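Visitor: everything below, folded, please.
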Amino acid sequence: MKGYRKILIAVNGCHQVLEKGLRVAGDEKCWVTVLKVVPPYEGDLDLTGIRNIEDVLGSMAAETSAAIEGVVGRNRSLAKIRVEEGDIPETIAQVAAEEKCDLIIMGTKKAKGLFRRFLGDHTAGKVIGRAPCPVLVVHD
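Guide: The predicted structure follows:
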């Protein structure tokens, strides 16, 4: 792969895609943005013992950023880390456009069973349909 200058790595909880994306970015000497998208909080959680759900969500974002920073540091890479809230495929495409990325690298899990293959959420397919640039999908 040649000619990429800015890469967006969209992580989905598995650090394997992050490490593979950082390896590609290192080979290409690219600028890297790492993105974690969390679904929007719609206030329908029924939780006991939690006074402020926004504080809990904020601390989870900080933990996610710290985990990503750890992987980035172990790979001796530099990356801009963003944690965004919103519709996952739409937010990935939006951030790729904002950051003027040349490539999106994202992970996907192989669907197990015929039923899940047909009724899965197909996040990767939705990103490919909306992305302003090519998308490289890495299977976990």
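
Visitor: what are the boundaries of the helices in this structure?
Guide: Under the criterion DSSP state H, the chain contains helices at 15-28, 53-74, 88-98, 114-119, 123-130.

Visitor: run the chain-centre distance for the third one.
Guide: Between the centre of helix 88-98 and the centre of its chain there are 10 Å (Cα atoms, centre = their mean, to the nearest Å).

Visitor: now for it, which elements pack on it?
Guide: strand 6-11, strand 31-38, strand 80-85, strand 103-108, helix 123-130 (3 or more Cβ pairs under 8 Å, 6 or more residues apart in numbering; DSSP states H and E). Backbone N, C-alpha and C define where each C-beta goes, glycine included.

Visitor: now that helix: buried residues?
Guide: Using 16 or more other Cβ atoms under 10 Å as the burial criterion, the residues of helix 88-98 that qualify are 88, 89, 91, 92, 93, 94, 95, 96.

Visitor: closest to residue 24 among these?
Guide: residue 96 (15.4 Å; Cβ to Cβ).

Visitor: quick one: residues contacting the closest one.
Guide: Going by Cβ atoms under 8 Å, 6 or more residues apart in numbering, residue 96 touches 8, 104, 131, 132, 133.

Visitor: the bottom helix or strand of this protein by mean pLDDT?
Guide: helix 114-119 (a mean of 59; mean pLDDT, DSSP states H and E).

Visitor: shaky segments in the protein?
Guide: Counting by pLDDT under 70, the chain has low-confidence residues at 1, 14-15, 42-58, 110-121.

Visitor: much appreciated, bye for now.
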